[in-house]
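Chemist: coordinates only, sequence not included:
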């Protein structure tokens, strides 16, 4: 996914009232917002890198800001399970790495979908345990889940329908996990 596609989905989620604020940016981003909740989806490449190598999109990671005991915190998510330091990115002083597990295959180009998935799940107050239980060691199954999730987001035209569709998809995967 490119930044325009990601922004389009986030704008749709914002209009539906699922997320409040979002920022889509490149590697050079360093001004983390002091308000919550906010989604920051960041590419590991800089804008200059894109101009030099337009065929290479880079990799998308995300942060989700929230209040923890009235203190601003950031939940970091990377579908490869790497820390922001591995990408030489600016990152907030206090953040929680949601997982060091790799859910995405190195040949897959679905990192933007993983960020959207994580964003929606966090926005709907779905626990990290549930999010991680949805994603498996079998990375091909994860891509299938995320593509279905993306289709669900595109079809839903109200917050209620989006929430119900997401919960229906979660329930389906919980019941049928043994198939994969």
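Modeler: Nice, I can see it. From a predicted model like this one, the values you see are computed outputs, not experimental measurements. Numbering: from 1, shown residues only.
Chemist: after the helix or strand bottoming out on mean pLDDT in the chain, next one along is what?
Modeler: Least confident helix or strand of the chain, by mean pLDDT, DSSP states H and E, is helix 47-52 with a mean of 68. Following helix 47-52 in sequence order, the next helix or strand is strand 60-68 (DSSP states H and E).
Chemist: whichever helix or strand comes after that next one vs strand 60-68, what angle?
Modeler: Following strand 60-68 in sequence order, the next helix or strand is strand 71-77 (DSSP H and E). Taking axes from the mean of the first three to the mean of the last three Cα atoms, to 10 degrees, one finds strand 71-77 and strand 60-68 inclined to each other by 150 degrees.
Chemist: in strand 71-77, what's buried?
Modeler: Using 16 or more other Cβ atoms under 10 Å as the test for burial, strand 71-77 gives 72, 73, 74, 75, 76, 77. Every residue, glycine included, has its C-beta placed from N, CA and C.
Chemist: tell me which strands it pairs with, and in which orientation.
Modeler: Its sheet considered, strand 71-77 pairs with strand 60-68 (antiparallel), strand 95-97 (parallel) by DSSP bridges.
Chemist: tell me the most buried of those strands?
Modeler: The highest mean neighbour count among these, using mean count of other Cβ atoms under 10 Å, belongs to strand 60-68: a mean of 22.
Chemist: which residues touch it?
Modeler: 1, 6, 32-33, 35-44, 72-79, 84, 87, 89, 91-92, 95, 111-112, 114-115, 118-119, 122-123 (Cβ atoms under 8 Å, 6 or more residues apart in numbering).
Chemist: noted, bye for now.
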